[in-house]
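K.L.:
Give me the fold of what follows.
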Amino acid sequence: MPKVVIVSTSADDLGGHPTGLWIEELATPYYIFKEAGHEVVVASPAGGAVPIDASSMSDGFFTEEAKKFMHDGEAFGQLSHSVKLDSIDVSTVDA
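P.N.:
Alright, predicted model coming up:
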């Protein structure tokens with residue numbers, strides 16, 4: 001099974017303003033790769049919980065893929081416990 005790493009942010013602040021992952025930008029490729037039979041790993045520079053930009057879950061932006069992701073225990077678990085980027089052995093990753 002091919003292994004794919006999706007790299008997300010660890011930043012929760014940008015110039016004094018709250019920020020984080022735009023959830024649809026992770027959710028959509030996550031399901032494309034999963035449906036293609038790939039193992040998907042969610043990673044971030046700091047590892048651990050990935051902050052989510054609250055605006056990405058507001059009306060007009062909270063896509064079906066994002067909603068599915070937020071209710072998917074496995075997917076949300078990866079987002080809550082992302083792998084620290086520098087701990088990944090790139091020789092074991094296909095993309």
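K.L.:
For residue 6, name its beta-bridge partners.
P.N.:
Beta-bridge pairing for residue 6 (DSSP bridges): residue 42.
K.L.:
contacting residues for it?
P.N.:
26, 29-30, 33, 40-43 (Cβ atoms under 8 Å, 6 or more residues apart in numbering). Yep, even glycine has a C-beta here, placed from its N, CA and C like the rest.
K.L.:
Now list the buried members of those residues.
P.N.:
26, 30, 33, 40-43 (16 or more other Cβ atoms under 10 Å).
K.L.:
which stretches of this structure have low pLDDT?
P.N.:
Within the chain, no stretch has pLDDT under 70.
K.L.:
Helices of that one, start to end?
P.N.:
Residue ranges of the helices in the chain, as given by DSSP state H, are 23-35, 64-70, 73-80.
K.L.:
just the angle between the first one and helix 73-80, please?
P.N.:
Going back to what we said before, that points to helix 23-35. Between the axis of helix 23-35 and that of helix 73-80 there is an angle of 130 degrees, by axes from the mean of the first three to the mean of the last three Cα atoms, to 10 degrees.
K.L.:
of the helices of the chain, which approaches residue 54 most closely?
P.N.:
Taking Cβ to Cβ, helix 23-35 is the member of these nearest to residue 54, at 9.7 Å.
K.L.:
Mind giving me the packing neighbours of that closest one?
P.N.:
strand 3-7, strand 39-44, helix 64-70, helix 73-80 (3 or more Cβ pairs under 8 Å, 6 or more residues apart in numbering; DSSP states H and E).
K.L.:
how about the residue nearest the centre of the chain, what does it touch?
P.N.:
Most central in the chain under Cα atoms, centre = their mean is residue 26, positioned 4.5 Å from the mean C-alpha point. Neighbour list for residue 26: 6, 8, 42, 50, 69, 79 [criterion: Cβ under 8 Å, 6+ apart].
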